[in-house]
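Novice: Attaching a predicted model along with its sequence, questions to come.
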Amino acid sequence: MNINCVATKMDAVTGGGSNQNLDLRLRYLARQGHEVVLTTLYSSGNKFAAKPPYSVEELDFRTTKFLDIQYSLAELLLKKEKEFDLFYLDGVPYIWGGGIYKKKGGRRPVAVYINTYLPAMLGINLGQNTFRDMVYRVKQYLWVKLVGLRAANLVDVMFVASPIVQRIYADFGFMEKKMRVLPDFLEVADIPRADLLPPPFQKTPGVFDILYTGRLIDIKGVDILIAAAEKLISEGQTVLHIVGDGPERGRLELLVKKNAIFGKVFFHGWKNRQELFRYYACADLFVHPCTLPEPFGRTVVEAMSAGLPVLVPSGTGAEWIAAGAGLVFKRGSMKDLREKLLFLVRNREIYERLKNNAKRRAADFDYSKYAPEFEDVLSRLTKGLPL
């Protein structure tokens, strides 16, 4: 197949999970013998450690206006359709452009990957709560409901990151029969063994090391974790390690000082992927306190792959991921998170059972389990076969 993937950018060096996911998908397709061209629309942020096995076309879309982007993308696909068998659009922001392309008579199949939520989904707290943000979200809601859904539902397949994403998008009006659950691509087998990694911090016998990794932004719920763990920390039963950076860091550090647990909550800052594994290997428990109905949860898979039991919020992709290897708390509830923390710290038998299941469950999310299905769906699209 000749496949054209369209994405905002590709930072394969310091980029987050979405960049790693896309890079691994394109590498897989290229290794399978397909001709793959990645077209980045805003290319100034592109970074590659080495030349990838797929081609890269760097464009520079001048506009940042929503509708201009969609119509420009549709025109771009129309110009390129003679060169390719299929278009793969990385991210729901481009689904409208794909739909407009089809509406204009585009003949090539269009696949879209969805692992985020729309501003139009007003019931989801996306951390966009200023008056200006809400005006934009309401305007997009009206446009999507009145116009956008008809265009979006013209694309041929929507790959969604988890069952929770499938449910939320189907409830909003996207055609569920066109959806296929396809988790983020991770190389679980590539994660180093814990005993081969030097510890990043000194462990204290009898003290439970709790770990959070991720961006420090409001919707990640790190303040809820700090409040929930406060009692255990002040009693000397646990220590909390926070790995990551972001605009909330200053406020979170003040919260730690205010709660008199300074010196037992450590902010380690941003770490690259290899450094991050050292923290997974040294911790005792991973907590994912996100208040958003997280579409997937790469860090949960990574933590489990190191043998860590996990605590995850309800109604999220992380809940689906953690089955049998963690406990679930009510999303956004500090009280329920605190109770689950106390339960795990004080019930070693349950803790050990979850720990024993962690690596086994993480292995279910190695990309090798899903990649053949991904390729098969794309192949069937190009041949006009039913999915």
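Specialist: Sure, I can see it.
Novice: and the lowest-mean-pLDDT helix or strand in the chain, how far from the chain's centre?
Specialist: Lowest mean confidence among the helices and strands of the chain (mean pLDDT, DSSP states H and E): helix 273-282, at a mean of 89. From the chain centre to the centre of helix 273-282 is a distance of 19 Å (CA atoms, centre = their mean, to the nearest Å).
Novice: counting contacts, what elements does it pack onto?
Specialist: On a contact count with 3 or more CB pairs under 8 Å, 6 or more residues apart in numbering; DSSP states H and E, helix 273-282 meets strand 208-213, strand 238-243, helix 298-305. In this view, the C-beta of every residue, glycine as well, is placed from N, C-alpha and C.
Novice: Could you save these as JSON lines and add columns showing mean pLDDT, mean neighbour count and distance to Val345?
Specialist: Below are those laid out as JSON lines (pLDDT from 0 to 100; neighbours: other CB atoms under 10 Å; distance: least, CB to CB, whole Å):
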{"stretch": "strand 208-213", "mean pLDDT": "96", "mean neighbour count": "22", "distance to Val345": "5"}
{"stretch": "strand 238-243", "mean pLDDT": "97", "mean neighbour count": "23", "distance to Val345": "6"}
{"stretch": "helix 298-305", "mean pLDDT": "94", "mean neighbour count": "27", "distance to Val345": "17"}
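Novice: Which of these sits closest to Ile226?
Specialist: Among the helices and strands packed on helix 273-282, strand 238-243 comes nearest to Ile226, with 6.9 Å by CB to CB.
Novice: and the angle from the closest one to strand 208-213?
Specialist: For strand 238-243 and strand 208-213, the angle between their directions (axes from the mean of the first three to the mean of the last three CA atoms, to 10 degrees) works out to 20 degrees.
Novice: picking that back up, looking at the helices and strands packed on helix 273-282, which is nearest to Val37?
Specialist: Minimum separation from Val37 across the helices and strands packed on helix 273-282 (CB to CB) falls at helix 298-305, 25.7 Å.
Novice: Taking strand 238-243 as reference, get the angle to that closest one.
Specialist: On the basis of the same axes, to 10 degrees, helix 298-305 is oriented at 130 degrees to strand 238-243.
Novice: Give the other helices and strands that the next helix or strand after helix 298-305 contacts.
Specialist: Per DSSP states H and E, the first helix or strand lying C-terminal to helix 298-305 is strand 310-313. Applying 3+ CB pairs under 8 Å, 6+ apart, one finds that strand 310-313 contacts strand 285-287, helix 298-305, helix 317-321, strand 326-329, helix 334-346.
Novice: what would the ones you listed look like in JSON lines with distance to Leu78?
Specialist: Output for the helices and strands packed on strand 310-313, formatted as JSON lines (distance: least, CB to CB, whole Å):
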{"stretch": "strand 285-287", "distance to Leu78": "46"}
{"stretch": "helix 298-305", "distance to Leu78": "34"}
{"stretch": "helix 317-321", "distance to Leu78": "34"}
{"stretch": "strand 326-329", "distance to Leu78": "46"}
{"stretch": "helix 334-346", "distance to Leu78": "50"}
